[in-house]
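1. need a structure here:
(chains A, B, C and D)
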There are 2 protein chains.
Amino acid sequence: MRIGELARRAGVSTRALRYYEQQGLITARRAANGYREYGEADLKLVTEIRSLLGVGFTLDDARPFVACLRAGHESGGSCPESVAVYQRKLAEIDDEIRTLLARRAEVAGQLTEACPGCVLRKQGES
Amino acid sequence: MRIGELARRAGVSTRALRYYEQQGLITARRAANGYREYGEADLKLVTEIRSLLGVGFTLDDARPFVACLRAGHESGGSCPESVAVYQRKLAEIDDEIRTLLARRAEVAGQLTEACPGCVLRKQGES
DNA sequence: CTAAACGTTGACATCAACGACAAGGTCAAG
DNA sequence: CTTGACCTTGTCGTTGATGTCAACGTTTAG
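-> Residues are numbered from 1 along each chain as shown, chains lettered A, B, ... in the order given. The predicted structure is shown next:
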């Protein structure tokens, strides 16, 4: 299939696909006229990439997953390198959550000071 | 005081101060030689801006606070416009936290699938 | 034959808050 | 007079994942 069809099927823009290629995440055979030609495996790759981007991974983070799929594994996350990324990302997410909770407390405190009774309750806060 | 001293006292770069001025957050009298001249009030403004930036506010968010201080209030957060920003930011932060929690769950789930027993516990999780 | 619908590469624009220069003016001390 | 520490404006670079053109070649349906 050509780039337009892959884009439609994967739900991404052709621009994105060319960018992924430029970043070395996907590759494409070239037809005689220079057009990119993709197979079903490429659809899986792009789908994996999109899924990872959707949960906040960067393209760089996605590399091991793509490599894992290319190596023949049915899941991109089943290689040690991918697992390492998973763990790093989990740690990053936890860090961000901690930062945001601290910020929320700080901002809520300031708001309370400026306008007692203005603070909205958060789910789970007494 | 001139820009260098204000920068030192506020703990920011002169570049940042000029940027704040360009964005209309602070203003400066000009000496005969064209140098910017600041007063103690400006130090308060910059300190407020930095404090807000520190908890994730944008310069645009900081505008009402600066205006509030300029209007003579001792606290930048004590004007209704500032309170509105506080509330909007709180809502934004809560949204981000929710997103991150969902992501964390998603990533942790994938990791568990790929590598049972690899997931680290989070504080507060059973 | 031609227009529409594809494909190609290349390059600039976006968002925020500056950092890092360039190229110059000003001013005090030695 | 000169060095050096200030100050000025202006412009480009940073970061990530594209959007959006430009300018052009290809293919396909009518």
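
2. okay, and for chain A, where does confidence drop off?
-> A:119-126 (pLDDT under 70).

3. Which residues of it lie near DNA strand D?
-> A:12-13, A:15-16, A:19, A:32-34, A:53, A:58-60 (Cβ under 7 Å from any atom of the strand). No exception for glycine: its C-beta is placed from N, CA and C like everyone else's.

4. Can you tell me which of those is nearest chain B?
-> A:L53 (11.6 Å; Cβ to the nearest Cβ).

5. in a helix, that's where the closest one is, yeah?
-> Yes - looking at A:L53 with DSSP: H, G, I helix; E, B strand; the rest coil, it is inside a helix.

6. okay, now it: neighbour count?
-> When counting by other Cβ atoms under 10 Å in any protein chain shown, one arrives at 15 neighbours for A:L53.

7. OK, contacts around it?
-> By Cβ atoms under 8 Å, 6 or more residues apart in numbering or on different chains, the contact set of A:L53 is A:59, A:62.

8. Mind listing what's buried along the longest helix seen in chain A?
-> Counting residues, the longest helix found in chain A (DSSP state H) is helix A:80-114. For helix A:80-114, burial by neighbour count (16 or more other Cβ atoms under 10 Å in any protein chain shown) applies to A:82-83, A:85-87, A:89-90, A:92-93, A:96-97, A:100, A:103-104, A:107-108, A:110-111, A:114.

9. and what of stretch A:11-28?
-> Buried, per 16+ other Cβ under 10 Å, within stretch A:11-28: A:12, A:16-17, A:20, A:25-26, A:28.

10. restrict the residues you listed to those near DNA strand C?
-> Within the buried residues of stretch A:11-28, those near DNA strand C by Cβ under 7 Å from any atom of the strand are A:A28.

11. I'd like to know which elements the longest helix of chain A is packed against.
-> Judged by 3 or more Cβ pairs under 8 Å, 6 or more residues apart in numbering or on different chains; DSSP states H and E, the packing partners of helix A:80-114 are helix A:59-70, helix B:80-114.

12. which residue sits closest to A:R70, ignoring its sequence neighbours?
-> Excluding its sequence neighbours, the residue lying closest to A:R70 (Cβ to Cβ, 6 or more residues apart in numbering or on different chains) is A:L45, at 7.5 Å.

13. Where does the one you found fall, secondary structure wise?
-> In this assignment (DSSP states H and E), A:L45 forms part of helix A:40-54.

14. what about that helix, distance to the chain center?
-> 10 Å (Cα atoms, centre = their mean, to the nearest Å).

15. what's the answer for stretch A:83-97, then?
-> Distance, centroid of stretch A:83-97 to centroid of chain: 13 Å (Cα atoms, centre = their mean).

16. Give me the contact list for it.
-> A:56-57, A:61, A:64-65, A:77, B:97, B:100-101, B:103-104, B:107-108, B:110-111, B:114-115, B:118-120, B:122.

17. Apply 10 Å and report the result again.
-> A:52, A:55-58, A:60-65, A:68, A:77, A:79, B:96-97, B:99-101, B:103-108, B:110-112, B:114-115, B:118-120, B:122-123 (Cβ atoms under 10 Å, 6 or more residues apart in numbering or on different chains).

18. how would you label A:I26: helix, strand or coil?
-> coil.

19. So it versus DNA strand D, what's the distance?
-> 12 Å (Cβ to the nearest atom of the strand, to the nearest Å).

20. excluding its backbone neighbours, what's nearest that residue?
-> In space, A:I26 is closest to A:Y20, 4.9 Å off (Cβ to Cβ, 6+ apart).

21. likewise A:R18?
-> A:I3 (7.5 Å).
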